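Peer 1: Structural data only, the sequence is not supplied:
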């Protein structure tokens, strides 16, 4: 199994401060939801909770990433990232026991380009993936081979918008999943491979050990 150092963005601009933009929502934090509501444990439930904020931001908003933090029981919190045709910013929707909040980040600030409508139609829906806790359980053998314990975070990543170079997709958008424990983990390029623990002798690598850069 290969071990790689990931220095890509993952659209994880959670660490980036939103910059000023013409988007009236850009940089703003908006609260919604009920603090008494529990965090959904399913992908469909998380998208349903985040949907109203996404629609308010842009009627054509499309899910690009979903990060789920796992606790002892199930999903403790989640961040859903949305893109929209030609939009100059991203929308982050955070779901936790405290409720639902949203903020935007400008693409230019993180060196990314807006994705036009015709290109964005190539980003598939996140329909057939297993829910976060199931995904983490299915990936345990691969995590073990990489020297890690149980997953603390599950990241579903479509490749948008960081895979768009302004003219074409550098890599065709498709949903990948990363399971993280501390500063490392494992990434599957095909969700269907989650039930196939990779080995060093495999003819085809279905997963890679990953190390995240410091900082």
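Peer 2: Sure thing, it's come through. Please read these numbers as outputs of a predicted model, since none were measured by experiment.

Peer 1: any chance you could map the strands in the protein?
Peer 2: 3-5, 30-32, 62-70, 75-83, 89-96, 99-106, 153-157, 176-181, 184-188, 207-211 (DSSP state E).

Peer 1: Of all the helix elements in this protein, which one is longest?
Peer 2: When every helix of the chain is counted residue by residue (DSSP state H), the longest turns out to be helix 43-57.

Peer 1: Can you pull the poorly scored residue ranges out of this structure?
Peer 2: Scanning the chain for pLDDT under 70 picks out 1-37, 195-206, 214-215.

Peer 1: switch the cut-off to 80
Peer 2: Counting by pLDDT under 80, the chain has low-confidence residues at 1-37, 73, 183, 192-207, 212-215.

Peer 1: in it, which residue is closest to the centre?
Peer 2: When Cα atoms, centre = their mean is applied to the chain, the residue found nearest the centroid is residue 65 (2.8 Å).

Peer 1: Grab the nearest non-local neighbour of that one.
Peer 2: With sequence-adjacent residues excluded and distances taken as Cβ to Cβ, 6 or more residues apart in numbering, residue 65 is closest to residue 81, at 4.2 Å. (C-beta placed from N, C-alpha, C; glycine too.)

Peer 1: and that neighbour, what does it touch?
Peer 2: With contacts defined as Cβ atoms under 8 Å, 6 or more residues apart in numbering, the neighbours of residue 81 are 11, 13, 63, 64, 65, 66, 67, 90, 91, 92, 93.

Peer 1: is it in a bridge, and if so with what?
Peer 2: When bridges are called by DSSP bridges, residue 81 pairs up with residue 65, residue 92.

Peer 1: Please identify which of the contacts of residue 81 is nearest to residue 144.
Peer 2: Distance ranking of the contacts of residue 81 against residue 144, using Cβ to Cβ, places residue 67 first at 22.1 Å.

Peer 1: hang on, residue 42 packs against residue 133?
Peer 2: No. The criterion here is Cβ atoms under 8 Å, and residue 42 misses it with residue 133 at 9.2 Å.

Peer 1: Neighbour count for those two, which is higher?
Peer 2: For residue 42 versus residue 133, the count of surrounding residues by other Cβ atoms under 10 Å is larger for residue 133: 18 against 15.

Peer 1: so what's the residue nearest to the more buried one when sequence neighbours are not counted up against?
Peer 2: Nearest residue to residue 133, sequence neighbours excluded (Cβ to Cβ, 6+ apart): residue 74, at 5.3 Å. Counting by Cβ under 8 Å, 6+ apart, residue 74 makes contact with 39, 41, 132, 133.

Peer 1: From residue 115, how far off is the nearest residue to residue 83 once chain neighbours are set aside?
Peer 2: Nearest residue to residue 83 in three dimensions, chain neighbours excluded: residue 64, at 4.7 Å (Cβ to Cβ, 6+ apart). Per Cβ to Cβ, to the nearest Å, residue 64 is found 9 Å from residue 115.

Peer 1: Need the overlap of contacts for those two.
Peer 2: Shared contacts of residue 64 and residue 115 (Cβ under 8 Å, 6+ apart): 83, 160, 161.

Peer 1: Look up how far residue 63 lies from the residue nearest to residue 133.
Peer 2: 20 Å.
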